[in-house]
Structures are given as structure tokens and as C-alpha cells.
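Q: sequence below, structure please.
(one chain, ligands or ions: 1)
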Amino acid sequence: MTAQDPALQPIAVKVARNQRLTRDDALELFNSPDLLTLGRLADSANRRLNADRVHFAANQHINPTNVCVLRNTCVFCSFARMPREAGAYTRSLEEVFAEADAARDNPTREFHIVGGLHPKLRLAYYLDMFRGLQQRHPGVHIKALTAVEVAHLARLEHSSVRDVLVAMREAGVTSLPGGGAEVFSPAARATIADKKLSGEEWLAVHREAHRLGIPSNCTMLYGHVETMADRVDHLLALRALQDETGGFLTYIPLAYHPDHNELGETLGRTGTATTGFDDLKNIAVGRLVLDNIPHVKTHWPMVTPFISQVALTFGCDDLEGTVVFERVYHEAGAGTPMWLGYDQVVSLIRGAGKEPAERDSLYHTVRTFEDWVPAEPAVRPQGPEGPAFQISHRAKARARGQRSLPVLSAVDGSE
Ligand code: V47
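A: Alright, predicted model coming up:
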């Protein structure tokens, strides 16, 4: 393969030979403007691992609380609230179970449960939630609590991370989501998430989970104050832990959204998100550097379904699923729908010339689509003006003023 950017030529040779890339190689990749070569290299690396198959999960997001002790120090986050701040909420277990009952009308196979670091919600609340969900929805996997939440619960309980993880596993948790990693660079972390657990501590929680047989995902938040070297060192730290444990299932680059948060205002970036160019580059470089992580996932709520579809030929083999309902990025100004229909996800994957495969949280294939006929014709997912976009403009305007959770009109029908 000939690279247009000559600096990529030696890397192309290594990729063809399936050789590990160095720190300098990874820097060249991030610094190169030759996006199509990056895409072709990452596509060939992905094909070696996953052929034409693209997985997706029929999943439901549950955010039990947005109250977070890091509200004032994680300046990139638009989701968190102080306990008495307008828009703060904490769900009772009955409310969580009622929300999860929506799963009965959807082909849900995964609950994705993350929230704030509540100062008073104890481990027992979460364990009762997991047990209750398992009892009510025995076929649905539970992917729950970021490393940050696990470490917070261990502190609240005067317990160890290991004991919290064991209790979570016994209550039905099958894997950990990859959030909270942000970017490990101490300098960038001091700017965007000063009081959050350090990169080393984040890695230590995942190491412990992997030792206990709990697989996990990993992420990197990009597009804020991080340097290219920060991105590379973050990926190398993930790769090193994967060499040690083999416990990461998928890597998900997360595109920073600057609306309704202090960092966006400080940077003067309100209303502008990452570029499609950088979104695709992060997918491609992630695939090339993380040679030991089996999957790379594109998170369409952040980068749009259109970029996610293109990402499938830039090294990505997993398209974030139905995502009923996404709140964290929509609080930060994401203009994407709050969910996609099952058939829309399958159509997006098919439309990229790939073979869709529905999976569970652990990447077991649960359905393939050789003889599939869409229930509805393939549709272009609607943007802010369409009915699939469920945050009303009135609610959004309110949220802008007072950081309150936008109303989900499909849920409460109030707007
Ligand atoms: O850690 C918060 C990010 C993460 C913003 O494991 C923001 O399958 C952009 O854990 N702009 C939580 N990002 C989300 C998460 C996740 C998401 C998708 C898939 C998986 C998985 C896990 O959301 C946080 C942070 O990195 N985040 N605020 C923002 N303004």
C-alpha cells in the first residue's frame, strides 16, 4: 500500500507485516494529514481481526443519579449536578426498575449503567439494583459502573476495590464500561478533571476487575486540551495493561462535547464539537496502536450516525447500539437522536457493506442477518428537527439556563 504522506510509508510496511507500532509511529499517525492512508491501514488491521463483521448491542442506558461530588472539578462534564442544584435527580430503585421495564418492548440485551459519584448512595443500593434487574430481565447483561464509581464506592464503604467488584459480580454485573479514563496525562487531567482518580488508579481498578474475571471496556476522551503525545501515551498505557491481563473487550474513543460545561466556555468552544476528520483519525489510530484489543467501537451519539457509518471502513468493527436513552452527551450539546431503532442500526451497518451481528456484552454473537428484511425501509436517522430527536427545544433552552435535564418527550409525553 502506498502512502500519500511519506512519513507513513514505514508504518504501512509494519502494518502489512502485522508488527507492533512504536510510540514514534503512533505520533506520526496522529500528526499525519493523510486520513485516507490511516483509514486504509486501520481497515486492513481490522479485517485481519474481524473480517467484514460489525457487531452492535441492543442496549439501554440507565443513569441512576446525576449528583456527583466532582461536579465542580470535572469541568468537561455537563451531566453532573450538586445535590441541591436545579435538575439534580436520584432515582429510587422502583423508578430504575420502571425505566428498565421499557426493555420489555425493545429487544434489549444489555443495561449500560453509569452515573454520578453520589455522596450518600451506598453499595447496597447498587447491589439491590443489579439483583432486581437480573431478576426482572434474566436475559439482559449488566454492564455497570465506571472505575471511578467503583473506587468511590470502595471509599464510601471503607472497603477495597476488590471487595466492591466481587460484590458487583455476585449481584449480576457481567462487565465494566470504559468511562472515566478521560486522558491519563497528569497535566491534562489537572486541567479537566483535577480531583478525579488518577490514570494509574483507573488502570488499577480495571486490572483488579480483569483478575477477577470481569472484562471491561476502555475509552479516551479527545478533543479538549490534550496533546498528540497525551493521546499516544494514553493508548500505550491501555495496550500495556491489555498485554498483562487480556481483559479489555473494546476501545471507544469519546469525542468531547463543549456545550453547557465550564471547559467549553473557558476554551470558547461552545457550539463546536470535534471534527469528522479527527473523529475518524481517532478510530483509525486506536485500531492501529491497540493491536491486542479485539474490538474498536464507534459511539454514534457523539460523532453522529453518519460518521459512525464511515468509521466502519476506518478500522471500526462495533457500532454503539440502540442506546435507549443517552443523556451524558445530550446534556453537553450532542445534536444526535436519543436512540436509534434496531432496524436503523442494522441498516447503517448494511449500508456500509458490512455484515451486521447483534452481540451481548461479552461479544458473543446472538443474531446474524443473512435473510433479514428490514421492518421499515432504511431511513436516514433524523437530526434535531425530526421526530426521532427527543429533546425538545424548549427543554433544551431551559437546560442551557439552569443545567436541568432535558425532557424526554417519548418518555413523559409532556412537550
Ligand atoms: O467518562 C462526559 C464522557 C464518559 C462529556 O463502555 C463526555 O461501552 C464528551 O462510560 N463530552 C462516560 N464526553 C460514558 C461511558 C461510555 C460511553 C460509551 C460506551 C461505553 C462503553 C462507555 O462520558 C465519561 C466521559 O469520558 N463525557 N462528559 C462531554 N461533555
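Q: from residue 54, how far out is residue 369?
A: Per C-beta to C-beta, to the nearest Å, residue 369 is found 11 Å from residue 54. To be clear about C-beta, it is placed using only N, CA and C from the backbone, and glycine gets the same treatment.
Q: compare the two (neighbour count), which wins?
A: residue 54 (28 against 14; other C-beta atoms under 10 Å).
Q: am I right that the more buried one sits in a strand?
A: Yes. Judged by DSSP: H, G, I helix; E, B strand; the rest coil, residue 54 forms part of a strand.
Q: what's across from it in the sheet?
A: On the basis of DSSP bridges, residue 54 takes part in beta bridges with residue 356.
Q: rewinding a little: need the residues touching each of residue 369 and residue 54.
A: Shared contacts of residue 369 and residue 54, defined by C-beta atoms under 8 Å, 6 or more residues apart in numbering, comprise 355-357.
Q: list buried residues within those residues.
A: For these, a burial check counting by 16 or more other C-beta atoms under 10 Å picks out 356-357.
Q: for my notes, please list the shared contacts of residue 369 and residue 54 in JSON lines and give pLDDT for each entry.
A: Putting the shared contacts of residue 369 and residue 54 into JSON lines (pLDDT from 0 to 100) gives the following:
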{"residue": "355", "pLDDT": "97"}
{"residue": "356", "pLDDT": "97"}
{"residue": "357", "pLDDT": "97"}
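Q: list just the nearest of the shared contacts of residue 369 and residue 54 to residue 87.
A: Checking the shared contacts of residue 369 and residue 54 against residue 87 with C-beta to C-beta, the nearest one is residue 356 at 36.9 Å.
Q: quick check: that closest one vs residue 312, distance?
A: As for residue 356, its distance to residue 312 is 10 Å (criterion: C-beta to C-beta).
Q: so what sits against both of the two?
A: With C-beta under 8 Å, 6+ apart as the test, residue 356 and residue 312 both reach 54, 349.
Q: wait, what's in contact with the closest residue to residue 113 other than its chain neighbours?
A: Excluding the flanking residues, the one nearest residue 113 by C-beta to C-beta, 6 or more residues apart in numbering is residue 144, at 4.0 Å. For residue 144, the contact set (C-beta under 8 Å, 6+ apart) comprises 111-114, 126, 130, 168, 173, 176-177.
Q: the ligand contacts on the protein?
A: Within the chain, the positions adjacent to the ligand are 76-78, 114, 146, 177-180, 182, 217, 219, 221, 252, 254, 256-257, 261, 299, 328-329, 332 by C-beta under 6 Å from any ligand atom.
Q: residue 82 touches residue 67, doesn't it?
A: Yes. Using C-beta atoms under 8 Å, residue 82 is in contact with residue 67, at 7.3 Å.
Q: joint contacts of those two?
A: Common neighbours of residue 82 and residue 67 (criterion: C-beta under 8 Å, 6+ apart): residue 88.
Q: compare these two and say which is more crowded by neighbours.
A: Neighbours per residue (other C-beta under 10 Å) separate residue 82 from residue 67, with residue 67 holding more: 22 against 16.
Q: the residue nearest to residue 113 and residue 172, how far apart?
A: Using C-beta to C-beta, residue 144 is found at 9 Å from residue 172.
Q: any residues in contact with both of those two?
A: residue 130.
Q: low-confidence ranges, this protein, go.
A: Residue ranges of the chain with pLDDT under 70: 103, 376-415.
Q: ok, 80 please
A: Flagging of the chain using pLDDT under 80 yields the residue ranges 1, 102-106, 271, 324-329, 333, 335, 338, 374-415.
Q: residues in contact with the residue of it found nearest the ligand?
A: Taking C-beta to the nearest ligand atom, the ligand has its nearest neighbour within the chain at residue 179, 2.0 Å off. The contact partners of residue 179, taken as C-beta under 8 Å, 6+ apart, are 114, 146, 148, 219, 254.
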